[in-house]
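K.L.:
Fold the following and give me the result.
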Amino acid sequence: MLFLPSVQGRFPVGVTTFATPVRPSRPIGSLKLRAPTHASAQPALRLEEVAFTAYYPADTSSTHLIKGLDWFLRPLAESLRGFAIFLGVPSWLLWPVVYLFGALVKIPAYPNAPLLNPMDLNAFPATQPSVSSQWPLVIFSHGLGGSRTAYSQFCSRLAASGKVVLAVEHRDGTGTLSMPRLWDVDGKSTSKITYYLRDTDISWEDTTTSKEAQPLPLRAEQLAFRHHEMYLTYTTFSKFIQNDPDVEFETIDSTEIDRQSWSAADSKGKSIIQFDRDVILAGHSFGGCTVLSLLSTRPEEGYQPIPIKQAIILDPWLDPLPSPGPIPISTSDSMPAHTTDIGSSKTSLDGITINTENGSSKALSPHPRMLVINSETFTLWKDHFERLREVISGWEPDGKSILTLVGSQHVNFSDFPVLPIVHKKGARKIMNTIGTLSLAFLDGKLDQCLEEEVNTVKMEINIVGVKKDGKPKRKLVGKIGDVIADY
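P.N.:
This next block holds a predicted model:
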């Protein structure tokens, strides 16, 4: 076996993938899959089942636990095809990577291990510092080409620090592969396979979603789809840990788990997972876009607000979001649309309404605190970075909200650069720094971290050549992993 790097942290990490059916299943948006002549076009996005992988502090006292979860989704033949479609290359070109290498790659975590009870840990105050009686809850959203395992290093780092992280598997055509099941009223399911969707796979039969009306119609509807998945993940998981008898909630492969460890409560009867307050959202790229969209949008009717306290956004991609904005909505405003009216400018995005008032003076309060960690490549994307600054000022007008990692690329927030054998130079240091900054922010110690734990440098740009289009090629001054704080 080939293991990804072990993560720093106090606790061993467990990993379990859960799924819950959506009944009745329903199409989201109006986009259709391109169909052969005379055939009936099917909805491009259909909500049938929600799945996510939980990374969490594990109780490893059982002798039956074996470390190692497959990083590539099974079956391998479908993973191979999914990556080929995403990368736009022939399957045979990736065959050696997937079958001879990918089959051996494991995440260094314990599959289906029981959740560690923090109260058990506090029984030994002499050997370990005490922890809260509840584990904080994090919900993570992946980027284009991502999956529920593609960010295992970041999710495991948070879990090893004492948090329960739910990495959503977005089944909106942004992942390389997903296998949702369609559930009928009798409890029977029919599996299907979906791959990465491109504009060429979609038809715009409704003129309101044409390319002229919406420059990124596919991404807009995928964003709306992700809203449903994020809310359903939170809602069904909350019911599961509260032992709600009506919620349909199983491991994705029907493996038996220690359910009592998940529904355990403290001496006051509170769940050992802190789901009813101070929830954390996190996401990378299109996942960062998803987080911003959620934070600037009132829940659709039927969904209760998620009590979000903080957000970590990794290299967010802003293009699918309406401009100007978005900016946060206040806690009192994050109610279903029919109950409130904040009276500010709005932009509709396929059934969701995003607050687009601009400028820090317009930011409504209270709202979640936010940290953005950017790659060098996205910071040097001048127009995008200026928009990012403008958007984030609505959450953090005092600055210190955008950090850039020198020498990093967009892919550095995922596991890809730290895969065994093929890992890139400096990738582990960058991943380490991402985890250190994220945890410092969540613990309210970011200023101290920037002063004492990481090397910070000023924003300086050198011209190092010329691009093919004749524009200057720029590079940040500093060593790989240095941190630039945008004030």
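K.L.:
Quick check: Arg474 is in a strand.
P.N.:
Yes: with DSSP: H, G, I helix; E, B strand; the rest coil as the criterion, Arg474 is part of a strand.
K.L.:
Give the bridge partners for it, please.
P.N.:
Ile463 (DSSP bridges).
K.L.:
what's near enough to touch it?
P.N.:
Neighbour list for Arg474: Leu380, Ile461, Asn462, Ile463, Val464 [criterion: Cβ atoms under 8 Å, 6 or more residues apart in numbering]. (C-beta placed from N, C-alpha, C; glycine too.)
K.L.:
Please enumerate the helices of the stretch 51-200 of the chain.
P.N.:
76-87, 91-95, 118-121, 152-160 (DSSP state H, counting those that start in this stretch).
K.L.:
do the stretch 301-450 of the chain as well
P.N.:
Counting by DSSP H, counting those that start in this stretch, the helices of the stretch 301-450 of the chain are 376-379, 382-392, 427-442, 446-452.
K.L.:
helices or strands up against the longest one?
P.N.:
Put plainly, it is helix 427-442. For helix 427-442, the elements it packs on are helix 152-160, strand 308-314, strand 369-375, strand 402-405, helix 446-452, judged by 3 or more Cβ pairs under 8 Å, 6 or more residues apart in numbering; DSSP states H and E.
K.L.:
Name every strand pairing with the fourth one and say which way it goes.
P.N.:
By that I understand strand 402-405. Under the criterion DSSP bridges, strand 402-405 sits next to strand 369-375 (parallel), strand 483-486 (antiparallel) in its sheet.
K.L.:
Surely Ile252 and Ala19 touch.
P.N.:
Yes: using Cβ atoms under 8 Å, Ile252 is in contact with Ala19, at 4.5 Å.
K.L.:
Just give me the closest of the contacts of Arg474 to Glu78.
P.N.:
Leu380 (36.3 Å; Cβ to Cβ).
K.L.:
just to revisit the earlier point, neighbour count: Ile252 and Ala19, which is higher?
P.N.:
Neighbour count, other Cβ atoms under 10 Å: between Ile252 and Ala19, Ala19 has more, with 21 against 18.
K.L.:
Mind listing the strands the helix or strand where the more buried one lies pairs with, and their directions?
P.N.:
Per DSSP states H and E, Ala19 falls inside strand 13-27. Sheet pairing here is set by DSSP bridges, and for strand 13-27 it gives strand 46-57 (antiparallel), strand 110-111 (parallel), strand 250-251 (antiparallel).
K.L.:
the inter-axis angle of the longest one versus helix 152-160?
P.N.:
So that's strand 46-57. In terms of direction (axes from the mean of the first three to the mean of the last three Cα atoms, to 10 degrees), strand 46-57 departs from helix 152-160 by 60 degrees.
K.L.:
Show the average pLDDT along strand 46-57.
P.N.:
Summarised as a single mean, pLDDT over strand 46-57 is 96.
K.L.:
swap in the last one?
P.N.:
For strand 250-251, mean pLDDT is 94.
K.L.:
Same question for stretch 184-195.
P.N.:
Per-residue pLDDT over stretch 184-195 has a mean of 79.
K.L.:
mind listing what's buried in it?
P.N.:
For stretch 184-195, burial by neighbour count (16 or more other Cβ atoms under 10 Å) applies to Thr194, Tyr195.
K.L.:
Same question for stretch 317-325.
P.N.:
Buried positions in stretch 317-325, judged by neighbour count with 16+ other Cβ under 10 Å: Trp317, Leu318, Pro320, Leu321, Pro322, Pro324, Gly325.
K.L.:
Give me the below-cutoff pLDDT ranges for the stretch 301-450 of the chain.
P.N.:
Applying pLDDT under 70 to the stretch 301-450 of the chain flags the ranges 330-366, 399-400.
K.L.:
try 50
P.N.:
By pLDDT under 50, the low-scoring segments of the stretch 301-450 of the chain are 331-351, 358-365.
K.L.:
which other residues reach stretch 92-107?
P.N.:
Applying Cβ under 8 Å, 6+ apart, the contact partners of stretch 92-107 are 1-4, 15, 67-72, 76, 79-80, 83-84, 87, 149, 152, 156, 419-422.
K.L.:
just how off-centre is it within its chain?
P.N.:
24 Å (Cα atoms, centre = their mean, to the nearest Å).
K.L.:
Output it as PDB, nothing but the C-alphas.
P.N.:
Extracted C-alpha coordinates of stretch 92-107, given in PDB (Å, rounded to 0.1, in the frame of the first residue of the first chain):
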ATOM      1  CA  TRP A  92      -5.400   4.400 -22.200                       C
ATOM      2  CA  LEU A  93      -3.100   7.300 -21.300                       C
ATOM      3  CA  LEU A  94      -4.200   7.200 -17.600                       C
ATOM      4  CA  TRP A  95      -4.500   3.400 -17.300                       C
ATOM      5  CA  PRO A  96      -1.000   2.900 -15.700                       C
ATOM      6  CA  VAL A  97      -1.600   5.700 -13.200                       C
ATOM      7  CA  VAL A  98      -5.000   4.500 -12.100                       C
ATOM      8  CA  TYR A  99      -4.500   0.700 -12.200                       C
ATOM      9  CA  LEU A 100      -0.800   0.400 -11.200                       C
ATOM     10  CA  PHE A 101      -0.600   3.300  -8.800                       C
ATOM     11  CA  GLY A 102      -4.000   4.500  -7.900                       C
ATOM     12  CA  ALA A 103      -5.200   1.100  -6.800                       C
ATOM     13  CA  LEU A 104      -2.500   1.200  -4.000                       C
ATOM     14  CA  VAL A 105      -3.000   4.700  -2.700                       C
ATOM     15  CA  LYS A 106      -4.600   4.900   0.800                       C
ATOM     16  CA  ILE A 107      -5.800   7.600   3.100                       C
END
